[in-house]
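>>> Below: sequence and its predicted model.
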Amino acid sequence: MCKQGNYKYYHAEAYANEILKDKPEPIKNNDYLNNLYASLQGQKRKTLKIAHISDPHIDYRYTVGADQKCNNYLCCQPDDGFPSELDRQAKPWGSYLCDLPPQTFKLMLEYIKNEIKPDIIVWTGDNAAHQIWSNTPQEVIDSTNNITKMIRDEFDQTQVTVLPINGNHDYWPANNQDLSTANSSIFLEEFSKSWKDAGWLTDEEIAVFTQQGYYSKPLTLKDGRHFNQTRVIAINTMSCYFYNFLVLKSRYDPGEQIEWLEAELKELEALNGQAFIIGHVPPMHYECMHGWSYRFKALMDRYQHIVRFGMYGHQHHEMIQTYTSVRNPNQRIGMGFLAGSATTYYKMNPSFNEIEMNEEFMIPLNIKTHFFNISAAEQDQNNAKWSYLHDYLETFNLTDLSPDAIFSEIAVKVRQDEELAKKYKWNKSKQSSAKTINTCNDYCRQTLFCELSAGEIFEFNQCMGNPDFDFVNDFANGVTNFLTSEWVKRKD
Ligand SMILES: [Zn+2]
């Protein structure tokens, strides 16, 4: 029996048409954010400082002296044996081939507290080690709770505000979260308990978060400073992550998140408010599926005067992404900043981002990267410390961090200039000596350009000269996109 008649199909394009039909006057020209930057050029105003941490993946089994060149998926654990060759032995502060030992993360927290002195810590998840074939649900829960404790031990007695959200490694099995039923995740229940205990989220915010793993909160700092009509929106990117196969159980708006986000932004617009977004998987990246991210992009277009920027992680690489208006692909309306991973996995120097932002309009003014140089620490214990790596404005000689400047002064130049492309690419790994970049050919530069400028997966594929459903280059990704591009609802 053909049941097709019982279902209604919803296209992302139809959603975009609907949401974009009543764009208000201030954003008709798609230049709101660029103009905001221009209007602040050269002015000295009050700033806020965020330390953005992502992807710690702390390995509590990490053992000094264990084999760092084992044949398993994750090395540096006692089961891997203890080789006599010095270059195979896991070192005290970490190895490029393993996940992060706890003490390097603790040292980072101390450095953030003593040297960076931020107002806010944004922590965008992926806390469990990459031991996905043998870990247990309890170990995954403990990973987030242990890091919560480490952050609390360091910052409870300070005025630092903490804003957390989970990643794909914070569920079990890894990458899988069932969004078909609200209030059904033991993981969300556990994280809710520990973040409520920490005082990071209120009862009201916890009640929303426990349902489907996202929340929104007014930006009030621990020291009492309150920013009028300013909200932090923490999204759950499991609704779009291409390895979350359980998303197939929710064929229409997984976790009802797009509907929720639209309502949040609409409410903020009515209040003349503003927001920044935090999340794990960058919605502009090709690991976030088209059906969701195209709708997300339509919302970012419709509310481009509300959403100031996004902070994401997941790639372990330090990156920047810009996106355009849906109907005017030459007009850049927004951007997201990806903090590099705190873990070394894979072949990375651990890092975090320091974001300086304008306090009134919540736009980022500069981003500095701080890192831990693993190979330097291996050679000399005196080098076992966190330090400043680079500064975006200086490294790329930027006018500012507006979408237009990032596009024309990083993306376009990286496409043309091999030396600059090599620099951008080396910074992606936080200048890891395990990832020395000797060349960046035409294909390499095109890839960097597409990563910097595409707003969602189909755009990225087109930018790379590939079809929307790219089964050839990435079969699994092609299939998940094919299955989730259209949303489906049973007719009433
Ligand atoms: Zn991740």
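Looks like it arrived, so ask away. Worth saying up front: this structure is predicted, and the values here are computed from it rather than measured.
>>> need the strands for the stretch 251-400 of the chain, in chain order.
Listed in chain order, the strands of the stretch 251-400 of the chain (DSSP state E, counting those that start in this stretch) span 274-278, 307-312, 319-324, 332-338, 351-358, 364-372, 386-391.
>>> what would these look like in TSV with mean pLDDT?
Output for those, formatted as TSV (pLDDT from 0 to 100):
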stretch	mean pLDDT
strand 274-278	98
strand 307-312	98
strand 319-324	96
strand 332-338	97
strand 351-358	97
strand 364-372	97
strand 386-391	97
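>>> any chance of those strands in TSV, plus mean neighbour count and distance to the ion?
Where C-beta positions appear, they are placed from N, C-alpha and C, glycine not excepted. Below are those laid out as TSV (neighbours: other CB atoms under 10 Å; distance: least, CB to the ion, whole Å):
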stretch	mean neighbour count	distance to the ion
strand 274-278	22	14
strand 307-312	24	10
strand 319-324	24	13
strand 332-338	25	11
strand 351-358	24	15
strand 364-372	21	19
strand 386-391	16	22
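>>> Would you confirm that Leu221 contacts Gln159?
Yes. With contacts counted by CB atoms under 8 Å, Leu221 reaches Gln159, the gap being 7.2 Å.
>>> who touches both of these two?
By CB atoms under 8 Å, 6 or more residues apart in numbering, Leu221 and Gln159 have these common neighbours: Asp119.
>>> Mind naming the longest helix for the chain?
As assigned by DSSP state H, the longest helix anywhere in the chain is helix 137-155.
>>> Extract the CA atoms of it and return them as PDB.
Output of helix 137-155 as PDB, limited to C-alpha atoms (Å, rounded to 0.1, in the frame of the first residue of the first chain):
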ATOM      1  CA  PRO A 137      27.600   5.800  29.000                       C
ATOM      2  CA  GLN A 138      28.700   6.500  32.600                       C
ATOM      3  CA  GLU A 139      32.300   7.400  31.500                       C
ATOM      4  CA  VAL A 140      30.800   9.800  28.900                       C
ATOM      5  CA  ILE A 141      28.700  11.500  31.600                       C
ATOM      6  CA  ASP A 142      31.700  11.600  34.000                       C
ATOM      7  CA  SER A 143      33.900  13.300  31.400                       C
ATOM      8  CA  THR A 144      31.600  16.300  31.300                       C
ATOM      9  CA  ASN A 145      31.000  16.300  35.000                       C
ATOM     10  CA  ASN A 146      34.800  16.100  35.700                       C
ATOM     11  CA  ILE A 147      35.500  19.000  33.500                       C
ATOM     12  CA  THR A 148      32.600  20.900  35.100                       C
ATOM     13  CA  LYS A 149      34.300  20.200  38.400                       C
ATOM     14  CA  MET A 150      37.700  21.300  37.100                       C
ATOM     15  CA  ILE A 151      36.300  24.600  35.800                       C
ATOM     16  CA  ARG A 152      34.400  25.100  39.100                       C
ATOM     17  CA  ASP A 153      37.500  24.400  41.200                       C
ATOM     18  CA  GLU A 154      39.300  27.100  39.300                       C
ATOM     19  CA  PHE A 155      36.600  29.700  38.900                       C
END
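>>> what's the spacing between the residue in the stretch 251-400 of the chain positioned nearest to the ion and Trp386?
Closest to the ion within the stretch 251-400 of the chain is His314: 3.7 Å, counting by CB to the ion. Applying CB to CB, to the nearest Å, the value for His314 to Trp386 is 22 Å.
>>> Ok, Ser250 next?
The gap separating Ser250 from Trp386 is 41 Å, by CB to CB.
>>> And for Gly199?
From Gly199 to Trp386 the distance is 26 Å (CB to CB).
>>> Have a look at this protein and report the helix or strand with the lowest mean pLDDT.
Among the helices and strands of the chain, helix 475-484 carries the lowest confidence by mean pLDDT, DSSP states H and E, at a mean of 87.
>>> starting at the chain centroid, how far to the helix or strand following that one?
Using DSSP states H and E, the helix or strand that follows helix 475-484 in sequence is strand 487-490. Chain-centre distance of strand 487-490: 29 Å, with CA atoms, centre = their mean, to the nearest Å.
>>> The residue most central in space within the chain and Gly81: what is the separation?
Taking CA atoms, centre = their mean, the centroid of the chain lies closest to Tyr312, which sits 1.7 Å from it. As judged by CB to CB, Tyr312 and Gly81 stand 37 Å apart.
>>> can you give me the strands for the stretch 51-200 of the chain?
Taking DSSP E, counting those that start in this stretch, the strands of the stretch 51-200 of the chain run over residues 120-123, 161-164.
>>> which of those is buried the deepest?
Scoring the strands of the stretch 51-200 of the chain by mean neighbour count under mean count of other CB atoms under 10 Å gives strand 120-123 as the most buried, with a mean of 24.
>>> Next to the ion, which bits of the stretch 101-250 of the chain? Give me the list.
Applying CB under 5 Å from the ion, one finds that the stretch 101-250 of the chain approaches the ion through Asp126, Gly167, Asn168.
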